[in-house]
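Participant: Return a 3D structure for these sequence lines:
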Amino acid sequence: MEFFVHIDGERLRVQVENGRCLVDGDLVEVELTPGNGTPIRSASAGGRSLRVRPKHEGRGRWRLEVEGDQHTVEVLDLGQEAIRQARRASGVGSGPPPLKAPMPGLVVRVEVSEGDEVKAGQGVVIVEAMKMENELRAAGPARVRSIMAQEGAAVEKDQVLVEFEPLEATDSSEEGAEE
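Facilitator: I've put the predicted structure just below:
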């Protein structure tokens, strides 16, 4: 079985055959232990034991907490990866997804500024909905391109609050400008 794992902006090719796991061609010893009814799992990779708390977010997307650090993960089969690569080559759907309001509410606080670099799981905007404050987080590492959310403003479901751009795209364009 072969698939691709996108974790915090990094792409890994994973092959699992006959109990062996190859990651980008390198053999990695991996052992997962169920959490005995809890969402916490124990994983051993490369002789190191880790506590992992996975949360499935649908459509091959996962949020993993590994030893307290948050990671955004997407697992794609060969066909899905081919589609992603074709879309990226054509410029369609490239870059991190924008942050959208999950429901109607009121913007309480914007925690970033344009140009800021954000990490996966970092708080970006706080929206109050149904008398509860919800911290909306970055899906992965990126740079804040533009902020549409304004503190005190009402927002509708699926309204774009913050747009991001990939870190590597901005870094390479800055290098080109210096030449």
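
Participant: When you work out contacts or count neighbours from here on, use the C-alpha atoms and nothing else.
Facilitator: Noted.

Participant: Quick check: longest strand in this structure by residues?
Facilitator: Longest strand in the chain, counting residues (DSSP state E): strand 48-58.

Participant: just checking, what packs against that strand?
Facilitator: Counting contacts by 3 or more CA pairs under 8 Å, 6 or more residues apart in numbering; DSSP states H and E, strand 48-58 is packed against strand 41-45, strand 61-66.

Participant: Comparing those, which yields the minimum mean pLDDT?
Facilitator: If you rank the helices and strands packed on strand 48-58 by mean pLDDT, strand 41-45 sits at the bottom with a mean of 73.

Participant: who does that strand touch, helix- and strand-wise?
Facilitator: Partner elements for strand 41-45 (3+ CA pairs under 8 Å, 6+ apart): strand 30-33, strand 48-58.

Participant: coming back round to it: compute the inter-axis angle for the longest strand of the chain and strand 61-66.
Facilitator: 150 degrees (axes from the mean of the first three to the mean of the last three CA atoms, to 10 degrees).

Participant: Strand 48-58: partners in the sheet, and parallel or antiparallel?
Facilitator: Applying DSSP bridges, strand 48-58 is found paired with strand 41-45 (antiparallel), strand 61-66 (antiparallel).

Participant: Does Q80 belong to a helix, a strand or coil?
Facilitator: helix (DSSP: H, G, I helix; E, B strand; the rest coil).

Participant: returning to what we had before: just send the helices and strands packed on strand 41-45 back as CSV, with mean pLDDT too.
Facilitator: Listed next are the helices and strands packed on strand 41-45 as CSV, based on pLDDT from 0 to 100:
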stretch, mean pLDDT
strand 30-33, 72
strand 48-58, 81
